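Asker: My questions are about this predicted structure, shown below with the sequence.
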Amino acid sequence: ALRELNLIVQLDAGDMDARRKIGLIYMEQERWDDAVSLFRELLERDPQLDPVRYYLGSALERQQQWNEAFEVFSAIPETSALYEDALAHMGFLLMQMNRLDEAVSLLEKQVEQGPGRPQVYYYLAVIHLSEDQLDEALSVLERGVRQFPDDVDLLYQQSITLERIGRHDLALEVMQRVVTLDENHAEALNFIAYAYAERDIRLKEALELAQRAIRLKPAAHIHDTLGWVYYRLERFEEARQSVEAARQELPDDEVVLAHLAQIYLRLGETAKVRELCRRLLELDHDSPVAKELLEDLDLGLGLPHQQPDLVHQRGFGHLQLEDVAAFHLGEHLGGEGAALLDQHLAAGRGHLLLDLHAVQQTLDLGVADLEDDPLLVVRVLADALDLGRLDGELTGVLVDALAGEDLDTHDDALDARRAAQGRVPDVAGLLAE
């Protein structure tokens, strides 16, 4: 097409339409200098060509020549059909030149005059966000979404703002609408996958979403999300590979470092955990993740489950189902709870017969942690259930935990329900409802 248009121009140097089309092809090819030169030449011949002036401003904007681009867009008259689009660009350019008050004034004026363009609401919200004015940003975005309910950029920014405010459920709902409108929106897919991983729910779906996102946009933060989903799925080697890839591009990102440290912990690579914790504390001397991980290392928590051969080395004899339950229980509770279980193991003389008293003692030591974490109750009491030694009180605790709405889709809770069916009447009754 470009060759044909050049031939037309050679035959008729005054063919303005052919020259304009050549300029647009230059823009498609990102030949910004050529596009700018051609559009300037056309405007010299006819200063009334508003579309050409608009193209010139756009090309200068792509070259990050903010001042020149602003002057060009400013010359488009209010009577032009391109005026509202030019105003949106002017608001963006004022932002880039850090003339935020002028940008807000310009954009708010346009919003007051009429629906305008969706970009006007978007840029105005971005300015408020840059000033940490979250409520103002959300208000602008809500107004924009009312005017343009299917605008993907507005909905995406609305979801991000809701997340920053702390309205996580609504943020997720809005982001799901983004994916409904644009199934190939990599950032939206990534957001949903990470939200599921953080909640430890719908992990198979989260994995599919993260994998789609990484195919569309192999960015570092999406590699981190994919790794975090693998971590939740307890596929630790794959988690390591993904998050290490993220760290190559984001070497000092605190979220990436925290995720990688937790993965190394589950792989038993304690030296690497301590190294990453030191780096986290250098970046933030109050890093709660680093402090918690170092405390877990000191207590021996979070490390891979001990295997039968290791139990043999410690002199505990043949590993029984009760031994596995005890190790799981000790891992969750730590401290005195782990020490108590260790005593029972050592006294087992061949295998552990953990009685109800031992279970109750251990639960008592960790009751504060358990009350705040229904999923932990399910995991711990499911271990006790495997021992066949749950009394009425502990069965009630398990039933209450399994009834929690937050656990409806969690794999561990579903496994616990299946394990409980038929073995404890109250639990079987709950499952039958």
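Answerer: Cool, the structure landed.

Asker: so where is the protein shaky, pLDDT-wise?
Answerer: 1-15, 298-433 (pLDDT under 70).

Asker: which residue packs closest to residue 177, ignoring adjacent ones?
Answerer: Using CB to CB, 6 or more residues apart in numbering and skipping the chain neighbours, the partner closest in space to residue 177 is residue 155 (5.9 Å). Bear in mind the C-beta positions are built from the backbone N, C-alpha and C, glycine included.

Asker: Buried residues, the helix or strand harbouring that neighbour. List them.
Answerer: In this assignment (DSSP states H and E), residue 155 forms part of helix 152-165. Of the residues in helix 152-165, 152, 153, 154, 155, 156, 157, 158, 159, 160, 161, 162, 163 count as buried by neighbour count, 16 or more other CB atoms under 10 Å.

Asker: ok, the residue nearest to residue 177 touching residue 171?
Answerer: No. Counting by CB atoms under 8 Å, residue 171 is not a contact partner of residue 155; they are 10.8 Å apart.

Asker: who touches the residue nearest to residue 177 in this structure?
Answerer: Counting by CB atoms under 8 Å, 6 or more residues apart in numbering, residue 155 touches 145, 174, 175, 177, 178, 181.

Asker: And residue 176, by the same measure?
Answerer: By CB under 8 Å, 6+ apart, residue 176 lies in contact with residue 192.

Asker: Next: residue 172.
Answerer: Contacts for residue 172 (CB under 8 Å, 6+ apart) come out as 159, 191, 192, 195.

Asker: Convert the helix or strand hosting it to PDB, retaining C-alpha atoms only.
Answerer: Assessed by DSSP H and E, residue 172 sits inside helix 168-181. In PDB, the C-alpha atoms belonging to helix 168-181 read as follows (Å, rounded to 0.1, in the frame of the first residue of the first chain):
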ATOM      1  CA  HIS A 168     -11.400  -7.000  47.800                       C
ATOM      2  CA  ASP A 169     -14.600  -8.900  47.000                       C
ATOM      3  CA  LEU A 170     -16.100  -6.200  44.800                       C
ATOM      4  CA  ALA A 171     -12.700  -5.600  43.200                       C
ATOM      5  CA  LEU A 172     -12.600  -9.300  42.200                       C
ATOM      6  CA  GLU A 173     -16.200  -9.100  40.900                       C
ATOM      7  CA  VAL A 174     -15.400  -6.100  38.700                       C
ATOM      8  CA  MET A 175     -12.200  -7.700  37.400                       C
ATOM      9  CA  GLN A 176     -14.200 -10.800  36.400                       C
ATOM     10  CA  ARG A 177     -16.400  -8.500  34.300                       C
ATOM     11  CA  VAL A 178     -13.300  -7.200  32.600                       C
ATOM     12  CA  VAL A 179     -12.400 -10.800  31.500                       C
ATOM     13  CA  THR A 180     -16.000 -11.300  30.400                       C
ATOM     14  CA  LEU A 181     -15.600  -8.300  28.100                       C
END
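
Asker: Give me the angle between that helix and helix 152-165.
Answerer: When axes from the mean of the first three to the mean of the last three CA atoms, to 10 degrees is applied, the directions of helix 168-181 and helix 152-165 differ by 160 degrees.

Asker: Could you pull out the buried residues of helix 168-181?
Answerer: Neighbour-count burial for helix 168-181, counted by 16+ other CB under 10 Å, picks out 171, 172, 174, 175, 177, 178, 179.

Asker: hang on, isn't the third one packed against residue 160?
Answerer: I take that to be residue 174. No. Taking contacts as CB under 8 Å, residue 174 lies outside contact range of residue 160: 9.2 Å.

Asker: And for residue 131, nearest residue in space, chain neighbours not counted?
Answerer: Closest residue to residue 131 apart from its sequence neighbours, by CB to CB, 6+ apart: residue 100 at 7.3 Å.

Asker: That neighbour reaches residue 129, doesn't it?
Answerer: No. Checked against CB under 8 Å, the pair residue 100 and residue 129 is beyond contact range at 11.5 Å.

Asker: Comparing those two, which residue is more hemmed in?
Answerer: Ranked by neighbour count (other CB atoms under 10 Å), residue 100 and residue 129 place residue 129 first, with 19 against 14.

Asker: May I ask which helix or strand encompasses the residue nearest to that one when sequence neighbours are not counted?
Answerer: Distances taken as CB to CB, 6+ apart place residue 137 nearest to residue 129, at 4.7 Å, with adjacent residues excluded. In the assignment (DSSP H and E), residue 137 maps to helix 134-147.

Asker: hang on, the earlier thing: return the residues in contact with the residue nearest to residue 131.
Answerer: Per CB under 8 Å, 6+ apart, neighbours of residue 100: 94, 127, 130, 131.

Asker: how much space is there between the nearest residue to the third one once chain neighbours are set aside and residue 279?
Answerer: Spatially, and ignoring its direct neighbours in sequence, residue 130 is nearest to residue 100 (7.4 Å; CB to CB, 6+ apart). Relative to residue 279, residue 100 is positioned 35 Å away (criterion: CB to CB, to the nearest Å).

Asker: residues contacting residue 278?
Answerer: Residues near residue 278 by CB under 8 Å, 6+ apart: residue 290.

Asker: And it, how close does it get to residue 271?
Answerer: Applying CB to CB, the value for residue 278 to residue 271 is 11 Å.

Asker: Show the residue spans covered by the helices in the stretch 1-150 of the chain.
Answerer: For the stretch 1-150 of the chain, the helices defined by DSSP state H, counting those that start in this stretch occupy 2-11, 16-28, 32-45, 50-62, 66-74, 83-96, 100-113, 118-130, 134-147.

Asker: residues in contact with residue 196?
Answerer: Residue 196 touches 202, 203, 205, 206, 209, 229, counting by CB under 8 Å, 6+ apart.

Asker: make that residue 223, sorry
Answerer: Counting by CB under 8 Å, 6+ apart, residue 223 makes contact with 214, 242, 243, 245, 246.

Asker: Any idea how many residues pack against residue 139?
Answerer: Neighbours around residue 139, by other CB under 10 Å: 15.

Asker: and what of residue 48?
Answerer: 9.

Asker: From here on, call the first residue 54.
Answerer: All set: I'll call the first residue 54, so the last point we hit is now residue 101.

Asker: Now it. Its backbone dihedrals?
Answerer: Note on residue 101: backbone dihedrals following degrees, to the nearest 10 are phi -90, psi 0.

Asker: Over to residue 334?
Answerer: Taking degrees, to the nearest 10 as the convention, residue 334 sits at phi -70, psi -30.
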